[in-house]
Every structure is written in C-alpha cells, then in structure tokens.
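Undergrad: sequence and computational prediction follow.
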Amino acid sequence: MSIVAQSKPIDTKPKDTVEYRQSYGLRAGIDLSRPIISSLNDNYSGFELVADYRLTQNLYIAAELGAEDKTKQEDLYNFTTNGSYIKVGVDNNTYANWYGEQNSIFYGGRFAFSSFSQTLNNYQYFNSNRYWNPESFAEGSNVSQEFSGRSAAWVEAIFGTKVELFANIFLGASVRLGILVSNSDGGDDRFPNLWIPGFNKVTDGSRFGVGYNYSISYFLPLYKKKKKVEKEIEELENQQ
C-alpha cells in the first residue's frame, strides 16, 4: 500500500500587478492673494474659500466661495462695488504622481455666479468749453447713490497646480479665463456694471475677464481606495 503525496505547485512566475491604497477626501483652504491685497490697498477688501473633493484617480469636484469690496476712481466718477460669488466645477489632474505623492498639474472649468451692488460715490461733469482751464472738469456732486440687485454669471477655464509642501498641506496657484454668460443691471440701466466680484473688471464691448488665485489648503483624508497598477512585461523572450 502506497500513499501518494500531492503538493500544490509553487508559482514562480513574477507578478504583473502591484496593489496599493490612495487617500481620498476633502481639501479646503483660503486664497492668499486677497488678504494680502486687502492689507496693502485701502480701496479693496476681499476673501475667498477654496475646496475640492477627490472623486477618482484624476477627477476632483472643486468650488470657490468669496466676497469682495472694491472702490475705483475713473476720470469722471468714483464708484464702489460690493458683493459675493460662488464657483463650482471640476478639475482634472494630468500629473503622474509617484507612489505616495498627491501633487497635481490640472485643468478644469467652473460655472460662477455673483450677486452685488454698485454705489456711485461722486462724479464730475465733462465741460466741452474749457478754453481758460483745459485741464480741469466742472465740479460734480457727492451723490452716494446705490444701484442694488445686480447679478452676473460666467464660465471659467482654469489651469493650475497644487504642490504638497508638508504632510497634507498644499500650496496652489491657478490662472482663470472667464466668459460672461449674463450681466444684469437689475432693471436700472443708469449705471452699468463696471466691476464684478469674482470676475474683475468688465471691459466695454468684451465678455472676457482674467483672474488668478494663490491658495493654501489642508487635505483631510476620509478613506483609502485600492488602485491596481498594471506593469508591462517585456515579451522579448517570446519574440526570440
């Protein structure tokens, strides 16, 4: 009587898959440029909160929420714009991180909406008969007239980067090109919208605007998700 022992063959073939876990969660912070400009410019105050949430390997839901107050002096008048805005959209990371890295070079888009008011602080009359004093304008009035109920909506194309300085602390920068979709004067066309919170200066005859931000944010990991990285195995031996 013989007993035949059976053993499971040992697989000596190299594995072609590496599995590891990536962190997913919420990243939130503030824009750094607005507080700095507010401290240096008496005619401006503003702040902006920034956040994004990772959906997939490269795709993030992103948003910005802010408020701005700006006074501008033009040739014939002085006005103040005050209001808030919100921007919501997505970012797509194009940077291939090494294991454990969470840096990004991204492009994305936003839909933005702003609600604001404009106040005409004072104005001067343009006098065409200035023979004796050609460099001056006729005196105007300190009217302080508010035009409320203004709103605007636009879409933005975004290009930017976020770099992890320390564990879960990110420094970011982005450039934004906006195109106005709507620009409402609230039914009162006596004073146009010359500056929009979140969009910046409105140029006559153009719907385009340019903006930027520099942010610092903290990443809060909520869970980890497995990712399989398929390694290419050279088929040199099979071809020979």
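TA: Yep, it's here.
Undergrad: contacts, neighbours, all on C-alpha from now
TA: OK.
Undergrad: tell me if I'm right that Gly25 and Lys225 touch.
TA: No: judged on Cα atoms under 8 Å, Gly25 makes no contact with Lys225 at a distance of 10.5 Å.
Undergrad: so the two - more neighbours on which side?
TA: Gly25 (14 against 11; other Cα atoms under 10 Å).
Undergrad: and that one, which helix or strand is it part of?
TA: Using DSSP states H and E, Gly25 maps to strand 17-31.
Undergrad: can you tell me what sits against that strand?
TA: The contact list for strand 17-31, computed with Cα atoms under 8 Å, 6 or more residues apart in numbering, reads 47-55, 100, 213-231.
Undergrad: could you rerun that using 6 Å?
TA: 48-54, 214-230 (Cα atoms under 6 Å, 6 or more residues apart in numbering).
Undergrad: any idea how far that strand is from the chain center?
TA: With Cα atoms, centre = their mean, to the nearest Å as the basis, strand 17-31 stands 19 Å off its chain's centre.
Undergrad: using PDB, write out every CA atom in that strand.
TA: The C-alpha atoms that make up strand 17-31 are tabulated as PDB, following Å, rounded to 0.1, in the frame of the first residue of the first chain:
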ATOM      1  CA  THR A  17       0.300  43.700 -10.700                       C
ATOM      2  CA  VAL A  18       1.100  45.900  -7.700                       C
ATOM      3  CA  GLU A  19      -1.800  47.000  -5.400                       C
ATOM      4  CA  TYR A  20      -1.700  49.900  -3.100                       C
ATOM      5  CA  ARG A  21      -4.100  52.300  -1.500                       C
ATOM      6  CA  GLN A  22      -4.600  56.000  -2.200                       C
ATOM      7  CA  SER A  23      -6.100  58.600   0.100                       C
ATOM      8  CA  TYR A  24      -9.500  60.200  -0.900                       C
ATOM      9  CA  GLY A  25     -11.000  63.100   1.000                       C
ATOM     10  CA  LEU A  26     -11.700  66.800   1.200                       C
ATOM     11  CA  ARG A  27      -9.100  69.500   0.700                       C
ATOM     12  CA  ALA A  28     -10.100  73.000   2.000                       C
ATOM     13  CA  GLY A  29      -8.300  76.300   2.500                       C
ATOM     14  CA  ILE A  30      -8.100  80.000   1.600                       C
ATOM     15  CA  ASP A  31      -6.900  82.200  -1.200                       C
END
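Undergrad: please identify the buried residues of the very next helix or strand once past that strand?
TA: Following strand 17-31 in sequence order, the next helix or strand is helix 33-40 (DSSP H and E). Neighbour-count burial for helix 33-40, counted by 16 or more other Cα atoms under 10 Å, picks out Arg34, Pro35, Ser38.
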